[in-house]
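Visitor: Any chance you can model this:
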Amino acid sequence: MRVAILGCGYVGCALARRLLAAGHDVVGVCRSPDSLDAVRETGATAVRADVTDAASLAAVPDADAVVFAASSGGRGADAAREVYVDGLRTVVEQFGGRDDPPEQLVYTSSTGVYGDHDGDWVDEETPLDPTTEKTAALVDAERVALTDASEHGLDPTVVRFAGLYGPDRYRLTRYLDGPVTEGYLNMIHRDDAAGVVAFALTDADADVLLAVDDDPVSKWAFADWLADEAGVPQPAKQTVAERIAAGDLSTPAERRLRTSKRCSNARLTELGYSFAHPTFRSGYQAAIRAHERGEYK
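Guide: This is a model prediction of the structure:
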């Protein structure tokens, strides 16, 4: 299978390595020239292109499947809409209009589309209720993936990532130093995020998949577990109200802090996906050992 990964970054490079190891042909596409070396290191073919620029996408070879994993780079809502909505629509039209169009599209979204559920469980059938302009853009992008892609003959899958962690993104000191604000953590290791996308490409028949591990956990319990494993004192805790009272949060950050939910991976596991790191207890071991050796950064 020929796969084009658009936005071949943190998860995309892990996905490229996985697909290449399985014998697939992979093209990794990046907007920044600085990112191309990381793509080449995976063994994939590196192409510079911008998902919002149809002319530059013409340089990307034909593919059997396209993975849209582009990021707005932490910028604001306008940038998110430009990349996720306008960019995805451009990709669908550009690839769907080719003489040899792809058969599949995988769009990587976020569990942020659910909004606040007061700690209750959510799954693929839960109605979406975005609470920020950025997550509203993600919802609109999902509609593009599921509707526009189908109209262009592409079989779409939306993969909603929970909070990503892994090499260079363990954020260990945030929880060890404290104070830790209450709420739930829904997480997935980078290697499993890549694994779920590969699973969506090769094994799963689903229009939407929640990519989250087995054990959504309270931030307080997670921080205490980390501290115990690392052999350091448990950090200070604070409520959401106490954190907001500090008065230094932006409006979108405050809205995110007020959202609470637990994400279910029942569909993913029922379809047969096997996690490399079923919970944070496995996924954080490398970071804990590095911390013990004084090597964690």
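Visitor: hey, where'd the helices end up in the stretch 101-250 of the chain?
Guide: Here the stretch 101-250 of the chain has its helices, by DSSP state H, counting those that start in this stretch, at 133-143, 149-151, 172-177, 190-202, 219-230, 240-245.
Visitor: would you put the C-alpha positions of the third one in PDB?
Guide: Output in PDB follows, covering the C-alpha atoms of helix 172-177 (Å, rounded to 0.1, in the frame of the first residue of the first chain):
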ATOM      1  CA  LEU A 172       7.000  14.600  34.000                       C
ATOM      2  CA  THR A 173       8.000  17.700  36.000                       C
ATOM      3  CA  ARG A 174       4.600  19.300  35.500                       C
ATOM      4  CA  TYR A 175       3.100  16.600  37.700                       C
ATOM      5  CA  LEU A 176       6.000  16.000  40.000                       C
ATOM      6  CA  ASP A 177       6.500  19.700  40.900                       C
END
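Visitor: Buried ones in that helix, by neighbour count?
Guide: Applying a neighbour-count criterion of 16 or more other Cβ atoms under 10 Å, one finds 172, 175-176 buried in helix 172-177. For glycine as for every other residue, the C-beta is placed from the backbone atoms N, C-alpha and C.
Visitor: Show residues contacting it.
Guide: 219, 222-223, 226-227, 230, 232, 235, 284, 287-288, 291, 296 (Cβ atoms under 8 Å, 6 or more residues apart in numbering).
Visitor: Apply 7 Å and report the result again.
Guide: Residues from elsewhere that reach helix 172-177 (Cβ atoms under 7 Å, 6 or more residues apart in numbering): 222-223, 226-227, 230, 232, 235, 287, 291, 296.
Visitor: and what of the longest one?
Guide: Identification of contacts with helix 190-202 by Cβ under 7 Å, 6+ apart yields 3, 10-11, 14-15, 18-19, 65, 67, 104, 106, 108, 157, 159, 161, 164-167, 209, 211, 213, 268, 273, 275-277.
Visitor: how far does it sit from the chain's center?
Guide: 11 Å (Cα atoms, centre = their mean, to the nearest Å).
Visitor: so how far is residue 293 from residue 176?
Guide: Going from residue 176 to residue 293 by Cβ to Cβ, to the nearest Å gives 15 Å.
Visitor: who's in contact with residue 240?
Guide: Counting by Cβ under 7 Å, 6+ apart, residue 240 touches 181-183, 257-258.
Visitor: Correction: the previous question concerned residue 280.
Guide: Shown in contact with residue 280 (Cβ under 7 Å, 6+ apart): 187, 215, 217, 222.
Visitor: ok, 10 Å please
Guide: 165, 170, 185, 187-189, 213-217, 222, 225-226, 287 (Cβ atoms under 10 Å, 6 or more residues apart in numbering).
Visitor: looking at the helices of the stretch 101-250 of the chain, which is buried most?
Guide: Each of those was scored by mean neighbour count; the highest is helix 190-202, a mean of 24, by mean count of other Cβ atoms under 10 Å.
Visitor: Thanks again, I'm all set now.
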